[in-house]
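>>> Attaching a predicted model along with its sequence, questions to come.
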Amino acid sequence: MSGNVYDFYAGGNTAKGYTSLLHSSLQGLERLYVLRGGAGLGKACGLRSIGDRLAEAGHEAWRISCASDPDALDGLIVPGLKLGIIDGTTPNAFVPEVEGATILEVDLSEACDKSALKSRTAETASLGRDISGKYEEAYAGFAEALRVHDDWEKIYIGNMDFQAADELTVESISRLFGDRKQEGTAREVHRFLGAATPQGAVDFVPGLTDGLKRYLLKGRPGSGKSTMLKKLAAAAAERGFDAEVYHCGFDPNSLDMVVVREIGFAIFDSTAPHEYFPDRPSDEIVDMYERCIAPGTDETYAEELAPIKQQYSANMKRSIGLLAEARALQDRLELLYAEAADSAALERIAEQFREDVLGVAAIRV
């Protein structure tokens with residue numbers, strides 16, 4: 001029987017700059033491979049195919065997608081084997097401390113012609129500066145979009161019935177947990193369900209919620225969705241249940257989803273840019289605008305909201321464009337490293353790495 005494969009982001013291009021939650025997903029591992037080397041060389045290790053092989057053998061696999069390259073993975077986690085792999089190049093060059101884990105470095109740069117790279121030092125350095133500059137511009141644009149978003153939220157916060165929001169949260173906790181409690185220390189893992197990428201906003205909601213009872217949170221900016229999710233995550237911890245806590249890929253201080261697999265539910269912010277509607281028999285909507293915001297707020301403030309929405313969209317569009325420009329520059333940088341690599345030597349290192357990983361699961365290559 002094949003194991004489940006899930007996708008998520010451990011880091012993202014946010015209004016607070018590049019934000020990483022990688023450390024949370026690595027806790028509890030006993031064996032952690034860190035791929036080192038030049039830009040893009042980690043792709044030679046075929047993390048997707050490794051994940052597929054492990055899943056075929058019945059292991060649950062969590063693929064960490066790269067927010068800056070939709071075709072790449074930043075890592076792979078196999079909880080049942082307490083095994084993890086991360087691409088230890090930028091922006092994950094700093095490996096979080098993982099208590100109790102054996103760190104195994106895989107140096108892919110050994111396959112590179114150092115003299116060939118040295119002769120192109122000026123070019124690689126220039127590309128590196130240009131890439132950093134594009135990201136800084138993009139993050140500044142996201143930060144401005146967040147300031148605009150705050151103005152958007154203020155309108156709804158000013159028309160919020162906080163008592164109704166508290167009552168809805170209490171109702172939701174009761175509905176989701178009932179009187180279920182269990183002994184032991186609950187584990188809370190923090191991730192992103194989506195990210196701003198060079199191709200726009202991407203999320204993994206369908207796969208992450210597959211097989212679960214889903215509650216789709218509807219509302220407006222500032223209508224209390226994130227606050228409710230934070231209280232639901234706290235309720236899971238108090239009752240002894242492990243929870244997956246998914247942060248907003250735009251504002252990492254906000255939450256977008258809470259999943260408690262032991263009980264079998266997911267509750268998530270189902271508004272743009274990850275807007276979903278009930279398409280499974282058991283899906284339910286939880287509408288915070290309907291329950292907690294003064295009736296007619298949309299209509300009353302329509303003229304005031306229109307320019308805010310327009311400015312927000314413009315800032316987001318420009319920043320996404322800058323991410324795409326950075327991606328194009330990154331592709332050029334990766335090509336320089338690929339041209340300096342001995343493909344046969346690179347494949348030998350990658351093949352030995354794959355054998356080691358699959359050997360942990362007693363899978364023959």
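Good, I have the coordinates. Just so it is clear, the model here is predicted, and its values are computed rather than measured. Residues are numbered from 1 along each chain as shown.
>>> In contact with the closest residue to Ala138 other than its chain neighbours: list those residues for me.
Spatial nearest neighbour of Ala138, excluding adjacent residues (CB to CB, 6 or more residues apart in numbering): Leu322 at 3.9 Å. (Each C-beta comes from the backbone N, C-alpha and C, glycine too.) Contacts for Leu322 (CB atoms under 8 Å, 6 or more residues apart in numbering) come out as 134-135, 137-138, 141.
>>> which stretches of the stretch 151-300 of the chain form helices?
Assigned by DSSP state H, counting those that start in this stretch, the stretch 151-300 of the chain shows helices spanning 162-177, 205-208, 225-238, 288-292, 297-300.
>>> looking at those helices, which is closest to Tyr337?
Closest approach to Tyr337 among the helices of the stretch 151-300 of the chain is made by helix 205-208 (31.4 Å; CB to CB).
>>> can you list contacts of the helix or strand encompassing Asp7?
If you go by DSSP states H and E, Asp7 is part of strand 5-9. Contacts with strand 5-9, where a contact means CB under 8 Å, 6+ apart, come from 51-52, 55, 60-65, 67, 191-195, 204, 207-208, 246, 249.
>>> hmm, try it at 7 Å
Contact partners of strand 5-9, identified using CB atoms under 7 Å, 6 or more residues apart in numbering, comprise 51, 55, 61-65, 67, 191-195, 204, 207-208, 249.
>>> After whichever helix in the chain runs longest, which helix or strand is next?
Counting by DSSP state H, the longest helix found in the chain is helix 302-340. Downstream of helix 302-340, the next assigned helix or strand under DSSP H and E is helix 343-360.
>>> contact partners of that following helix?
31, 33, 41, 44-46, 50, 53, 81, 83, 85, 106, 108, 110-111, 365.
>>> buried residues in the least confident helix or strand in the chain by mean pLDDT?
Lowest on mean pLDDT, DSSP states H and E among the helices and strands of the chain sits helix 114-118, with a mean of 90. Within helix 114-118, the residues that count as buried by 16 or more other CB atoms under 10 Å are Leu117.
>>> what distance separates that helix from the centre of its chain?
Mean-position distance between helix 114-118 and its chain equals 35 Å (CA atoms, centre = their mean, to the nearest Å).
>>> And stretch 334-347, by the same measure?
Taking CA atoms, centre = their mean, one finds the center of stretch 334-347 at 29 Å from the center of the full chain.
>>> cool, and stretch 331-348?
Distance, stretch centre to chain centre, for stretch 331-348: 28 Å (CA atoms, centre = their mean).
>>> before we move on, what about stretch 258-265?
Remark: stretch 258-265 is offset 18 Å from the chain centroid, using CA atoms, centre = their mean.
>>> who touches it?
So stretch 258-265 is in contact with 176-177, 180, 208, 212-213, 215, 229, 232-233, 236, 241-245, 266-267, going by CB under 7 Å, 6+ apart.
>>> Could you identify the buried members of the residues you listed?
Those of those that meet the buried threshold are 176-177, 208, 212, 215, 229, 232-233, 236, 241-245, 266-267, by 16+ other CB under 10 Å.
>>> can you pull the contacts of Leu146?
Contacts of Leu146 by CB under 7 Å, 6+ apart are 15, 251.
>>> do you know how far it is from Ala294?
To Ala294, Leu146 is 25 Å away according to CB to CB, to the nearest Å.
>>> chain center to stretch 250-267, what's the gap?
The chain centroid and the centroid of stretch 250-267 are separated by 12 Å under CA atoms, centre = their mean.
>>> Can you give me the buried ones in it?
Within stretch 250-267, the residues that qualify as buried are 250-252, 254-260, 263, 265-267, counting by 16+ other CB under 10 Å.
>>> Would you quantify the distance from the residue lying closest to Arg332 once chain neighbours are set aside to Arg120?
Leaving aside its sequence neighbours, Arg332 sits nearest to Leu127 (CB to CB, 6+ apart; 6.0 Å). Between Leu127 and Arg120 the distance is 10 Å, computed by CB to CB.
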